[in-house]
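Student: Need coordinates for the following:
(one chain, ligands or ions: 2)
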Amino acid sequence: MSGVLLWVSCGPKENPISIVGVAGRGGRSQKRFGLCNGISFASFSPAIADPSRSSEERVYEVVLKQAALVKEKKKGTERTLNLDKPMEGDFTNGDLLSAAYDRCGEVCAEYAKTFYLGTQLMTQERRKAIWAIYVWCRRTDELVDGPNASHITPKALDRWQQRLYDVFEGRPYDMYDAALSDTVSKYPVDIQPFKDMIEGMRLDLRKSRYNNFDELYLYCYYVAGTVGLMSVPVMGISPESKASTESVYNAALALGIANQLTNILRDVGEDSRRGRVYLPQDELAQAGLSDEDIFRGKVTDKWRNFMKGQIQRARMFFDEAEKGVSELNSASRWPVWASLLLYRQILDSIEANDYNNFTKRAYVGKVKKLLSLPAAYGRALLGPQNLTKMVTRKV
Ligand SMILES: CC(C)=CCC/C(C)=C/CC/C(C)=C/CC/C(C)=C/[C@@H]1[C@@H](COP(=O)(O)OP(=O)(O)O)[C@]1(C)CC/C=C(\C)CC/C=C(\C)CCC=C(C)C
Ligand SMILES: [Mn+2]
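Tutor: Numbers count the residues shown, from 1 in each chain. Ligands and ions are numbered 1, 2, ... in the order given. Reported below is the predicted structural model:
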C-alpha cells in the first residue's frame, strides 16, 4: 500500500455466553449488563477508567454521551480551518480540499472495494466524510499493524493523539487530515471515539491475552465499536425514526463489536503466529483448552464446541446491530447492510471450514459477495421500524 499511509458478557457458568442488549426511547432507556471479571484500568482512557463497573456499563456511558452530543450539536460546531501551523498547501482552498477527499476515496477503494462501492449510494457529502473517517481509522490501525509497526512506541501513539487534537482544532498536517478536519467541522462528530481507538492501539502494544470477555469487549469497543460511534453522526438518523438516538448508537456499537469478534475468530491462526490470543482465557479453560491447543492448531471436538459458542455470541451482536440499521437515513442504509451481511457470512465460512481457523482463512467468495449487494439493497428499502424498548437475549 502507498507509503503515504505509513508515515505517519461474560455469563454464568451454565450459560457461558450472554449479551443483554437495550434500546430505549426518549431518554428513558435503561441498560442491563452482564457480570464480568475485574481488570486493571490504570492507564485506560479517563472517560471509561472506572474499575468498579463492567466494560459494557462503561462503554454504554460513552454511547449515552455521544447520543446526547449529537442531539445537542445537531449541525456541528462553527470550527473553521486554522492556518497557524504551516502546511504544504492551503487546504481551505476548495480545490485542494476536494482533491484531499478524492484521495481518501482512492485509499478507501484500494483497501475496501466492496465498502467503497456501498458508499456510492450515499449523498456525495456524506460519502466524502465517511472516506475521511475510514482513512484516519486505517492509518491508525497501520501504526500498530503495518510494516513500520515494530518502530511504534506508546510515545508515537501520543504524538498521533496530539495530531488528532490538531485535526479537531482545524490544524491539519496533511491532506488526509485536512479532509477529516473539514468533516468534523461539518458533522457532529466527537473526538472521544477517535481517542478511544488510539487507546485500543496502545492496548495492542502492551497486551496479548484477554482474561475474560469483559476485557475482550473493551478491546473490541476501542478498535471497532468506536467506528460505529464515529460513523452515525455522518450517516444520520432517518427523520422518520422514532427510535431514541442512544438506541441507534447502541446498534452501531454492536456492529463494530460483531465485526471485531468475527475478525478475531477468522484470524485465530494468524494471530497465534504473532503470539497473540484474542480469545477469553476463562472460556478457553472452561472448554478444556489452553494457549497450547491454539499454538498446536489441531481441530478437535473441544475446539469445535468452543468455536460454536464464540460464533453464537458474535451473531448475537450482529442481531443487535440489525435492529438499528433501518433507523439510519435511507441513503446510508445500503452500505451498512452490505458490510453487515458480508461480515456476518465470514462466520458461516468458519463453520463451512469445519472450524479450522488455524490454517484456513474464512472468506466470502465473489459470487456470495455480489449476491449480498442486492440483498442489502432490498433490506435498505425498509425504513424505520422502531427499535423495541428493551431486548434481552440469553443463550
Ligand atoms: C445503526 C448502525 C448499525 C449503524 C452502522 C454503524 C457503522 C457504520 C458501523 C461500522 C462498523 C465497522 C465497519 C467497524 C469496523 C470494525 C473493524 C473491522 C475494525 C478493525 C480494527 C482492527 O482489527 P485488526 O487489526 O484485528 O484487523 P485487520 O487485520 O487490520 O483488518 C480495524 C482495522 C480498525 C480500523 C477500522 C477501519 C479501517 C474501518 C473503518 C470504517 C469506516 C469508517 C466506515 C464504516 C462504514 C460502513 C458503511 C461500514
Ligand atoms: Mn489491523
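Student: Spell out which parts of this protein neighbour ligand 1.
Tutor: 115, 118, 130, 133-134, 137-138, 141, 145, 223-224, 227-228, 231-232, 248, 251-252, 255-256, 259-260, 263, 321, 324-325, 328, 335-336, 339 (C-beta under 6 Å from any ligand atom). C-beta: built from backbone N, CA, C; applies to glycine.
Student: Out of the residues you listed, which sit inside strands?
Tutor: Using DSSP state E, the subset of the residues of the chain next to ligand 1 located in strands is empty.
Student: Check these one by one and keep those near ligand 2.
Tutor: 141, 145 (C-beta under 5 Å from the ion).
Student: Can you select the buried ones among the residues of the chain next to ligand 1 for me in PyMOL?
Tutor: The PyMOL selection below is limited to those of those classed as buried (16 or more other C-beta atoms under 10 Å):
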select buried, resi 115+118+130+133+134+137+138+141+223+224+227+228+231+232+248+251+252+255+256+259+260+263+321+324+325+328+335+336+339
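Student: Flag the shaky bits of the stretch 1-150 of the chain, pLDDT-wise.
Tutor: 1-50, 74-93 (pLDDT under 70).
Student: the helices in it, which residues?
Tutor: 3-6, 55-73, 94-111, 113-119, 124-145 (DSSP state H, counting those that start in this stretch).
Student: Please identify the most buried of those helices.
Tutor: helix 124-145 (a mean of 22; mean count of other C-beta atoms under 10 Å).
Student: could you check the angle helix 124-145 makes with the very next helix or strand once past it?
Tutor: Counting by DSSP states H and E, the element after helix 124-145 in chain order, helix or strand, is helix 154-168. Helix 154-168 runs at 170 degrees relative to helix 124-145, counting by axes from the mean of the first three to the mean of the last three C-alpha atoms, to 10 degrees.
Student: which helices and strands does helix 154-168 pack with?
Tutor: helix 124-145, helix 175-186, helix 192-206 (3 or more C-beta pairs under 8 Å, 6 or more residues apart in numbering; DSSP states H and E).
Student: Now with 6 Å, please.
Tutor: helix 175-186, helix 192-206 (3 or more C-beta pairs under 6 Å, 6 or more residues apart in numbering; DSSP states H and E).
Student: Now those in JSON lines, please, with extra columns for mean neighbour count and distance to ligand 2.
Tutor: What follows is the helices and strands packed on helix 154-168, written out as JSON lines (neighbours: other C-beta atoms under 10 Å; distance: least, C-beta to the ion, whole Å):
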{"stretch": "helix 175-186", "mean neighbour count": "24", "distance to ligand 2": "18"}
{"stretch": "helix 192-206", "mean neighbour count": "20", "distance to ligand 2": "8"}
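Student: need those in CSV with mean pLDDT and distance to V62, can you?
Tutor: Shown next, in CSV, are the helices and strands packed on helix 154-168 (pLDDT from 0 to 100; distance: least, C-beta to C-beta, whole Å):
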stretch, mean pLDDT, distance to V62
helix 175-186, 97, 17
helix 192-206, 97, 6
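Student: Turn those helices into a markdown table, columns for distance to D95.
Tutor: Output for the helices and strands packed on helix 154-168, formatted as a markdown table (distance: least, C-beta to C-beta, whole Å):
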| stretch | distance to D95 |
| --- | --- |
| helix 175-186 | 12 |
| helix 192-206 | 27 |
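Student: And the ones you listed: which comes nearest L69?
Tutor: Of all these, helix 192-206 sits nearest to L69, with 8.5 Å by C-beta to C-beta.
Student: distance of R273 from I294?
Tutor: 10 Å (C-beta to C-beta, to the nearest Å).
Student: mind listing what the closest residue to L180 other than its chain neighbours touches?
Tutor: Nearest non-adjacent residue to L180, counting by C-beta to C-beta, 6 or more residues apart in numbering: A132, 4.6 Å away. A132 makes contact with 104, 179-180, 183, according to C-beta atoms under 6 Å, 6 or more residues apart in numbering.
Student: Of the helices and strands packed on helix 154-168, give the one that comes closest to Y111.
Tutor: So among these, helix 175-186 is nearest, using C-beta to C-beta, at 12.9 Å.
Student: Run the angle between that closest one and helix 154-168 for me.
Tutor: 50 degrees.
Student: Number the chain from 649, please
Tutor: Sounds good: first residue 649 from here, last item helix 823-834.
Student: how about the residues of this structure that lie near ligand 2?
Tutor: The chain comes close to ligand 2 at residues 789, 793, as judged by C-beta under 5 Å from the ion.
Student: Need the residue closest to the centroid of the chain.
Tutor: A872 (2.2 Å; C-alpha atoms, centre = their mean).
Student: pretty sure it contacts Q908?
Tutor: Yes - when contacts are counted by C-beta atoms under 6 Å, A872 is listed as touching Q908 (3.6 Å).
Student: and for these two, which residues touch both?
Tutor: By C-beta under 6 Å, 6+ apart, no residue touches both A872 and Q908.
Student: How about R992: what's its closest non-neighbour residue?
Tutor: F966 is the one closest to R992 (C-beta to C-beta, 6+ apart), at 5.1 Å.
Student: Neighbour count for R921 and I942, which is higher?
Tutor: I942 (20 against 12; other C-beta atoms under 10 Å).
Student: Before we move on, what's the pLDDT of the more buried one?
Tutor: Listed pLDDT for I942 reads 98.
Student: Nice, that's everything, thank you.
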